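S.K.: The following comprises the amino acid sequence and a computationally predicted model.
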Amino acid sequence: MLMTKFKAAAAALAFAAAPAAADVDLEFYFPVAVGGAAADTIEELTAQYVAENEGVNIEAIYAGSYQDTVAKALTAARGGNAPQLSVILSVDMFTLLDEDLILPFDDFATSAEDKAWLDSFYPAFMENSQTGGKTYGIPFQRSTPVLYWNKEAFEAAGLDPETPPATWDEMVEMGKKLTLKDDAGNVTQWGVRIPSSGFPYWLFQGLTTENDAILANADGNEVNFDDPKVVEALDYLVDLSKTHEVMAPGIIEWGATPKAFFEGQTAMMWTSTGNLTNVRNNAPFDFGVAMLPANKRRGAPTGGGNFYLFKGASDAQAKAAFDFVKWISAPEQSAKWTIATGYVAPRPETWESEAMKAYAAEFPPVLVARDQLEHAVAELSTYENQRVTRIFNDALAAAITGQKTAEEALKEAQAKADAILQDYR
Amino acid sequence: MLQTRSWIHAWLLLFPGLVFLIAFTHLPALTTLWSSFFTTPRGRRPAKWAGLENYETLIADPVFWKVLWNNAIYAAGTIPLSVVIALLMALWVNRQMVGRGFVRMAYFTPTVLPMIAVANIWMFFYTPGFGLIDQIGGAFGFAQTNILGSANSALWGVMVVTIWKEAGFFMIFYLAALQTIPTTLVEAARVEGAGSWTIFRRITLPLLMPTTLFVSINAVVNSFRMVDHIFILTGGGPDNASSLLLFYIYEVAFRFWDTAYAATLTVVLLVFLIVLAIGQFFLFDRKVHYR
């Protein structure tokens, strides 16, 4: 409703002010992965842009989950109706390139000012946005995984409530003290919870990065699934439940993880920084947020979605779309977005804004994910990404559920991924 | 003259149905077969003739064999059980009893609910720690379960949901069929001194055979068609332990965007369904009708 009014107002204004200028209509697909407030914020921002820019109409279309959004964009493009602009997972870049659907931002950022803008994002986020020397994605709803811990549970276990585990060994050691059993020998509180349903590769990539392994090359056509350092990381993950008994066995549900944390079923959890606002609103105890523990080094993958410009747009449309992306990534807009959702603001400049400074001063845990970016690497992304990632996920699931050893599972996954990526080398 | 006119008349009557049947069943089936002989077109590479390459991939694809095996277990586990439970429930609510309407409604409720809603309800039963199963088990001192999260039990967890949903649906057919059985037959048998079991075995069951055929065809088709709840419950995991053929086709087509390979898998599914339908109609159809 509001949108329509804004558009009508904008159209009327444009008509009155510059009757000769043709209207530019844009379609913009966006996914929501963290609940309704995010959708409202995107629509508000779009409406604000439309109101400020005469002659441009942007129709912001909520397209469901990340998975649904890329499916819709691909289907629309095949039918000749591609949107001009869409937010899609940063790891789908190679898929979109393979389908010949997207344009590099470099084509539009020709002025010195625009080039500086392209260089103004955190390098960790740009790893999944660039390939072959070109920038195809502009970071928007991006995140990293972090460790949340229950300070009360730490205190009850005789641990320092202000000190989270800094290394793998410490996580096991503390986990053992935090794992509580009832008289019948059933566990009532686990030490740690690293979810493994749906997309286990993402949190597991925290472990591989800490073990100094990189899963895929920057060209998206080589993976290192059977690297001994990856095997070691998977052995560690499996051992958390099998040997050390500090984590529940089997596949652990991603969606139920925050609830398990709130209800005291686990004293620590690994999950997205995107859950920060949720935890802040719902945890009935004092909690802390920390970077993921280190082994050979600190590390985490980045995650989330980027803006993409689609082919098939007219020059005026593409120019307007580019201008909109520039506007929405500016500090003021981007701060609004970060405060509403918990996603990491993708440019250092945003963190310098008054709004963000005030927010961080009042709630310091928001800084953890940002500071972790220094240690972050690209999220696993290759050509035929969904399929290659699925192979890797299946291997992780097989090892976690005890069907195969880590080494067997990863060797097989490597062979399968090689067979697919062969065509892209 | 008259004959020509009635021919035209007949074709005109058939025409709308024919158009829909060709447009939405035969044509897609043929184009599916056709595209299974090509490679998947991508933006940068058009489709190329691949011959039987996709079929070779399929034979060498361990995931395909796994989902096929899963589908076999799924069919063998859900079809007989849901049919037998449906029959028992129908016999139960066909009698005079207190609260009959309520029990009938309760049995039929799962059928009316959308599968996605059903899956979400069951998700709540299964969730380790908070789920109904663990809440009740925990009260008796049992350890936590992780039914959907372990490779040995995930498929069974999915199958239970299917049986729960299907049995109520089939019950309606049995209930309708039971009510068409003339009471005179049962009365006559009683006069002859037949017990309840004999009446059930010699009268009720044979007269229900056409319904059983109908229900079992439906059950077979459903066992290849029902995948909605897998999206919610397990996503086919862990390691494809609960993935079925149609779910795999969806993934290949709309997640991996390998449309040619998805077409190949669809051809296999089609062949299966055709063989099963032919088998059921031509072999059993003659035997089920009580003469």
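M.R.: It's in.
S.K.: what about the residue of the stretch 1-150 of chain A found nearest chain B, neighbour count?
M.R.: Closest residue of the stretch 1-150 of chain A to chain B, CB to the nearest CB: A:D100 (2.8 Å). Backbone N, C-alpha and C define where each C-beta goes, glycine included. Look at A:D100: counted by other CB atoms under 10 Å in any protein chain shown, it has 12 neighbours.
S.K.: That one should be in a helix, yeah?
M.R.: No - under DSSP: H, G, I helix; E, B strand; the rest coil, A:D100 sits outside any helix and is assigned coil.
S.K.: What sits closest to it if chain neighbours are left out?
M.R.: Here the nearest residue to A:D100 in space, its sequence neighbours aside, is B:G43; by CB to CB, 6 or more residues apart in numbering or on different chains that works out to 2.8 Å.
S.K.: mind listing what residue 216 touches?
M.R.: Picked chain A for this. A:E222, A:V223, A:N224, A:A378, A:L380, A:S381, A:T382 (CB atoms under 8 Å, 6 or more residues apart in numbering or on different chains).
S.K.: hm, I was asking about chain B
M.R.: B:S216 is in contact with B:I79, B:V83, B:Q280, counting by CB under 8 Å, 6+ apart.
S.K.: Put together TSV for those, with secondary structure on each row.
M.R.: Formatted as TSV, these follow (three-state DSSP):
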residue	secondary structure
B:I79	helix
B:V83	helix
B:Q280	helix
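S.K.: Kindly indicate which of these lies nearest chain A.
M.R.: B:I79 (27.1 Å).
S.K.: The closest one against B:V220, yeah?
M.R.: Yes - in this structure, B:I79 is within contact of B:V220 by CB atoms under 8 Å, at 6.5 Å.
S.K.: These two: which has the busier surroundings?
M.R.: B:I79 (21 against 18).
S.K.: Excluding chain neighbours, give the residue nearest to the more buried one in space.
M.R.: Closest residue to B:I79 apart from its sequence neighbours, by CB to CB, 6+ apart: B:A219 at 4.4 Å.
S.K.: if I've got this straight, the one you found is in a helix?
M.R.: Yes - checked against three-state DSSP, B:A219 lies within a helix.
S.K.: What residues does the stretch 101-250 of chain B have near chain A?
M.R.: B:127-130, B:138, B:141-144, B:146, B:148-151, B:235, B:237-241 (CB under 8 Å from any CB of the partner chain).
S.K.: The same query, at a cut-off of 10 Å, please.
M.R.: Residues of the stretch 101-250 of chain B lying near chain A by CB under 10 Å from any CB of the partner chain: B:123, B:126-131, B:137-138, B:140-154, B:234-241, B:243.
S.K.: Now list the buried members of the residues you listed.
M.R.: Among these, those buried by neighbour count (16 or more other CB atoms under 10 Å in any protein chain shown) are B:123, B:126-129, B:131, B:138, B:144-151, B:153-154, B:234-241, B:243.
S.K.: Need the worst-confidence member of the contacts of B:S216.
M.R.: For the contacts of B:S216, the weakest pLDDT value sits at B:Q280, with 77.
S.K.: I'd say A:M126 and A:T135 touch.
M.R.: Yes - counting by CB atoms under 10 Å, A:M126 does reach A:T135; the two are 7.2 Å apart.
S.K.: and stretch A:331-341, C-alpha only, in CSV?
M.R.: The C-alpha coordinates for stretch A:331-341 follow below in CSV (Å, rounded to 0.1, in the frame of the first residue of the first chain):
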residue,chain,number,x,y,z
PRO,A,331,26.5,4.6,5.5
GLU,A,332,23.1,6.1,6.5
GLN,A,333,21.0,3.5,4.8
SER,A,334,23.3,0.6,5.6
ALA,A,335,23.4,1.5,9.3
LYS,A,336,19.6,1.4,9.3
TRP,A,337,19.7,-2.0,7.8
THR,A,338,22.3,-3.4,10.2
ILE,A,339,20.5,-2.1,13.3
ALA,A,340,17.2,-3.6,12.1
THR,A,341,18.6,-7.0,11.3
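S.K.: Relative to the whole chain's centre, how far out is that stretch?
M.R.: Chain-centre distance of stretch A:331-341: 16 Å, with CA atoms, centre = their mean, to the nearest Å.
S.K.: Kindly report the same for stretch A:212-222.
M.R.: Chain-centre distance of stretch A:212-222: 18 Å, with CA atoms, centre = their mean.
S.K.: now do the same end-to-end measure for it.
M.R.: Its first and final residues considered, stretch A:212-222 spans 17 Å by CA to CA, to the nearest Å.
S.K.: Next, the buried residues of that stretch.
M.R.: A:A213, A:I214, A:L215, A:A216, A:G220, A:N221, A:E222.
S.K.: quick one: secondary structure of A:M268?
M.R.: Look at A:M268: counting by three-state DSSP, its state is strand.
S.K.: Can you give me every residue that contacts B:T40?
M.R.: Shown in contact with B:T40 (CB atoms under 10 Å, 6 or more residues apart in numbering or on different chains): A:384, B:47-48, B:50, B:54, B:252-253, B:256-263.
S.K.: If you go by neighbour count, which of the residues you listed are buried?
M.R.: With burial judged by 16+ other CB under 10 Å, the buried subset of the contacts of B:T40 is A:384, B:50, B:54, B:252-253, B:256-263.
S.K.: and of those, the nearest to A:E245?
M.R.: The closest of these to A:E245 turns out to be B:F256 (CB to CB; 36.9 Å).
S.K.: For the closest residue to chain A within chain B, what are phi and psi?
M.R.: Nearest residue of chain B to chain A: B:G43, at 2.8 Å (CB to the nearest CB). Main-chain dihedrals, B:G43, degrees, to the nearest 10: phi -50, psi -40.
S.K.: Run a quick neighbour tally on it.
M.R.: The tally of other residues near B:G43 (other CB under 10 Å) stands at 17.
S.K.: Model confidence for it, exactly?
M.R.: 77.
S.K.: dump the residue contacts of it.
M.R.: Neighbouring residues of B:G43 by CB under 10 Å, 6+ apart: A:L74, A:A77, A:R78, A:T95, A:L96, A:L97, A:D98, A:E99, A:D100, A:L101, A:I102, A:K311.
S.K.: For these, pick the one with the most neighbours.
M.R.: Among those, A:T95 has the most neighbours (other CB under 10 Å), with 26 neighbours.
S.K.: just checking, that residue touches A:Y424?
M.R.: No - taking contacts as CB under 10 Å, A:T95 lies outside contact range of A:Y424: 11.5 Å.
S.K.: Would you mind listing the residues touching both of these two?
M.R.: Contacts common to A:T95 and A:Y424, judged by CB under 10 Å, 6+ apart, are A:G220, A:T382, A:Y383, A:E384.
S.K.: Please give the element, helix or strand, for the residue nearest to the last one when sequence neighbours are not counted.
M.R.: Same thing as A:E384. The shortest distance from A:E384 to any non-neighbouring residue, by CB to CB, 6+ apart, is to A:I420 (5.4 Å). Following DSSP states H and E, one finds A:I420 within helix A:406-421.
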